[in-house]
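J.: Test case, fold it:
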Amino acid sequence: MLKTATKAESASSTLTPKNRGNKKKIQEKPLKIRTGPQKYSVFDKSFVTETVVAKDILENYQAFFTETDEYNFNGLVLGYVTPWNNHGYDVAKIFGNKFTHISPVWLQIRRKGPKLYSLTGTHDIDKKWVITVKNAGRERKTKVLPRVIFEGWTLSDYTALFNDKNELNSLTQTLVESCKQYSFDGFTLEVWTQIAGAVKSDILVAFVKFVGDTFALEKLHFVLVIPPKRSEYELFTKDQFDQLYDHVTAFSLMTYDYSNSQIPGPNAPSSWVEDSITSISSNLTQRPKILMGLNFYGNDYTASGGGSIIFHDYIKLLKKNPEQKLKYNPEVEEHYFDYKDDKGVKHLVFYPTLYSIFKKIDLAHRLNTGISIWEIGQGLDYFYDLL
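T.: Modelled structure (predicted):
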């Protein structure tokens, strides 16, 4: 657990008879807000630094390098988009060439009866946006793979699916036909984290293989969401990775939410991220299929709880004290700051910075992995200069 940093004591001065009552309030310089395309990148202006002042973030977070087609990371880059953070839709269009895959969080697969499956959440699908994103990049065409979760399932539903090949065929064909109908390039499937503890691993492995092989025959991409290492008991192991390696396009590894409101601290310490990756593969040639999870959100903790925050929450907090310097913990490679709210309650805030993201991307380079970002609507616009 990262200890809350103490607030620096403010300097005080005594008014002399000569200046008593005549002390002038120091005028704060107005912020020079920069927005939209710029002729320089965050690297050109040396913004990617361990020393971070709130004012620098406030003045520059809405700006980005005008050459949005340029990208710095050559591996797979998946960006999640959610309907509740609409800015992500714009990010996917503006910076499309920086992503190899975009995964909008729209859909659920439901079992309606014997060999009868339906895809719900389709009301959120924006066909025009899908086509725009797929054609956003010049050098590499972005693939759109909506995330699908299993929703409203009972134990008998899962039993039927895993024990009857006709049921498997019906489910996968429902997914394949939906790809054709909506011009999707495949799906990102989140099922392992939902049922891994309740289903025998060999059954779940066989299911994923079947779906992956069916998608491959249709020339569709298939990303499997997998949990990170949490303890000695792992929900996803090296053996399972090896068995599934040839049957999926990539594995989206959820290396975020290391801390929580009960144990506040960093979002994703680099040592934990590295351990989560190396524990499932020691083979550098296999690791490009592992998409290292990268959070573009943060957390605001108090002694009684707290919760996640996204960019507009974070910006509001920084505006209260634009001259403050964020603290950096080199052990976890993340920045943080603390403050007291109007009720005197102390808060501890972790939110990614250019430097902390740069360190994570550097880790991905060193470990030879890809990247998956949760999620692009929660971050700051100048983050994308790093990709």
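
J.: quick one: least confident helix or strand in the chain?
T.: helix 192-195 (a mean of 89; mean pLDDT, DSSP states H and E).

J.: Counting by contacts, list what the following helix or strand past that helix packs against.
T.: Per DSSP states H and E, the first helix or strand lying C-terminal to helix 192-195 is helix 201-217. Under the contact criterion of 3 or more Cβ pairs under 8 Å, 6 or more residues apart in numbering; DSSP states H and E, helix 201-217 touches helix 155-163, helix 165-182, strand 186-190, helix 192-195, strand 221-226, helix 238-244. Glycine gets a C-beta too; all of them are placed from N, C-alpha and C.

J.: Chain neighbours aside, what residue packs nearest to Gln336?
T.: Quick fix: residue 336 reads Tyr, not Gln. In space, and not counting its chain neighbours, Tyr336 is closest to Phe350: 4.8 Å by Cβ to Cβ, 6 or more residues apart in numbering.

J.: returning to what we had before: now the least confident helix or strand of the chain: buried residues?
T.: By 16 or more other Cβ atoms under 10 Å, the buried positions in helix 192-195 come out as Trp192, Ile195.

J.: Pull the residues that contact stretch 206-214.
T.: 161-162, 168, 171-173, 175-176, 189, 191-192, 222, 224, 243-244, 247-248 (Cβ atoms under 8 Å, 6 or more residues apart in numbering).

J.: where among the helices and strands packed on helix 201-217 is the average confidence lowest?
T.: Sorting the helices and strands packed on helix 201-217 by mean pLDDT places helix 192-195 lowest, at a mean of 89.

J.: hmm, who's touching that one?
T.: Contact with helix 192-195 is made by Ile149, Phe150, Tyr158, Leu204, Val208, Leu224, Val225, Ile226, Pro227, Leu235, Phe236, Met254, as judged by Cβ under 8 Å, 6+ apart.

J.: do that again at 10 Å, thanks
T.: 149-151, 153, 155, 158, 162, 199, 201, 203-205, 207-208, 224-227, 235-236, 240, 244, 251, 254 (Cβ atoms under 10 Å, 6 or more residues apart in numbering).

J.: Can you tell me which of those residues are buried?
T.: Buried by 16+ other Cβ under 10 Å: 149-150, 153, 158, 162, 199, 201, 204-205, 207-208, 224-227, 235-236, 240, 244, 251, 254, out of the contacts of helix 192-195.

J.: quick one: pLDDT of Gln27?
T.: 52.

J.: Same check on Tyr314?
T.: If you check Tyr314, the pLDDT there is 98.

J.: Please apply the same query to Pro30.
T.: According to the prediction, Pro30 has pLDDT 85.

J.: From Lys45, how far off is it?
T.: 19 Å (Cβ to Cβ, to the nearest Å).

J.: quick one, which of the two is more surrounded?
T.: The neighbour comparison of Pro30 against Lys45 (other Cβ atoms under 10 Å) goes to Lys45, with 16 against 6.

J.: where does the more buried one land in three-state SS?
T.: The assignment at Lys45 comes out as coil when based on DSSP: H, G, I helix; E, B strand; the rest coil.

J.: check contacts around it.
T.: Contacts of Lys45 (Cβ under 10 Å, 6+ apart): Arg34, Gln38, Asp56, Asn60, Ala63, Phe65, Tyr382, Asp385.

J.: partners of the second one in the sheet?
T.: Put plainly, it is Gln38. Beta-bridge partners recorded for Gln38 (DSSP bridges): Phe65.

J.: thought it was touching Thr68?
T.: No - here Gln38 does not reach Thr68: they are 11.0 Å apart, not a contact under Cβ atoms under 10 Å.

J.: which neighbours do those two share?
T.: Common neighbours of Gln38 and Thr68 are listed as Asp385 (criterion: Cβ under 10 Å, 6+ apart).

J.: which of the contacts of stretch 206-214 count as buried?
T.: Using 16+ other Cβ under 10 Å as the burial test, the contacts of stretch 206-214 include 161-162, 168, 171-172, 175-176, 189, 191-192, 222, 224, 243-244, 247-248 as buried.

J.: Quick check: the farthest pair among these?
T.: The largest separation in the buried ones among the contacts of stretch 206-214, counting by Cβ to Cβ, is between Val176 and Gln243 at 22.8 Å.

J.: Run through the neighbouring helices and strands of the helix or strand hosting Lys93.
T.: Assessed by DSSP H and E, Lys93 sits inside helix 87-94. Judged by 3 or more Cβ pairs under 10 Å, 6 or more residues apart in numbering; DSSP states H and E, the packing partners of helix 87-94 are strand 77-81, strand 101-113, helix 127-134.

J.: Minimum distance to Ile310: which of those has it?
T.: Nearest of those to Ile310, taken as Cβ to Cβ: strand 77-81 at 12.9 Å.

J.: tell me the mean pLDDT for that closest one?
T.: 98.
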